[in-house]
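S.K.: Predicted model and sequence follow; I will ask about them next.
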Amino acid sequence: MEIETFPNPNPQRDYFIQHIAEEFTSVCPKTGHPDFATIVLTYVAGETCVELKAYKMYLQAFRNEGIFYEAVTNKICEDMVALLAPRFLRIEARFTGRGGIRSNITAEHTAEGYKGAIPSPFGT
């Protein structure tokens with residue numbers, strides 16, 4: 001799937017972009033039960049930014065995919081890094097509880113030479 005981007009309107013400045021997708025779903029590969037999460041994408045753009053409708057469609061492609069929390073979080077991180085070449089990027093996957101356990105998975109990328117601020121995780 002091709003994900004649309006657009007030029008960063010202020011590439012000379014480090015600034016945080018945060019997109020919060022509250023309706024992420026995938027499927028547990030062991031049980032086949034649905035998994036629900038809020039996916040928080042936080043990044044400092046390089047030359048490009050992700051277009052939101054395209055990003056939403058990308059996330060929706062996981063709806064019927066059997067994939068563990070850790071794998072999907074890292075897959076989203078890798079795909080966004082490959083697409084955007086950001087200075088900094090973090091994916092936080094906040095999965096809803098099942099069986100009395102909630103899971104938060106975080107994957108990060110920092111470009112070589114990036115010395116800017118990095119926000120604390122699990123903040124909105």
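M.R.: Right, received. Where do you want to start? Numbers count the residues shown, from 1 in each chain.
S.K.: Next, count neighbours for the residue nearest to Ala54 when sequence neighbours are not counted.
M.R.: In this structure, Ala54 finds its nearest non-sequential neighbour in Glu4, 4.0 Å apart by Cβ to Cβ, 6 or more residues apart in numbering. Heads up, the C-betas are built off the backbone N, CA and C, glycines and all. By the criterion of other Cβ atoms under 10 Å, Glu4 has 14 neighbours.
S.K.: And for the one 3 residues further on?
M.R.: The local packing of Pro7 (other Cβ under 10 Å) involves 10 other residues.
S.K.: Make sure it is actually in contact with Glu47.
M.R.: Yes. Between Pro7 and Glu47 a contact is recorded at 6.7 Å, counting by Cβ atoms under 8 Å.
S.K.: show me the contacts for Ala54.
M.R.: By Cβ atoms under 8 Å, 6 or more residues apart in numbering, Ala54 lies in contact with Glu2, Ile3, Glu4, Thr5.
S.K.: This protein: helices as residue ranges?
M.R.: Under the criterion DSSP state H, the chain contains helices at 52-60, 69-84.
S.K.: Please list the outside residues in contact with the last one.
M.R.: So the one you mean is helix 69-84. Contacting residues not belonging to helix 69-84 are listed as 3, 5, 26, 35, 37, 39, 41, 43, 45-46, 48-50, 58-59, 62, 65, 67, 86, 89-91, 93, 95, 103, 105-109 [Cβ under 8 Å, 6+ apart].
S.K.: buried subset of those residues?
M.R.: 3, 5, 26, 35, 37, 39, 41, 43, 45-46, 48-50, 58-59, 62, 86, 89-91, 93, 95, 105, 107, 109 (16 or more other Cβ atoms under 10 Å).
S.K.: could you pull out the strands for this protein?
M.R.: Shown for the chain, the strands assigned by DSSP state E span residues 5-7, 16-27, 34-44, 48-50, 88-98, 101-110.
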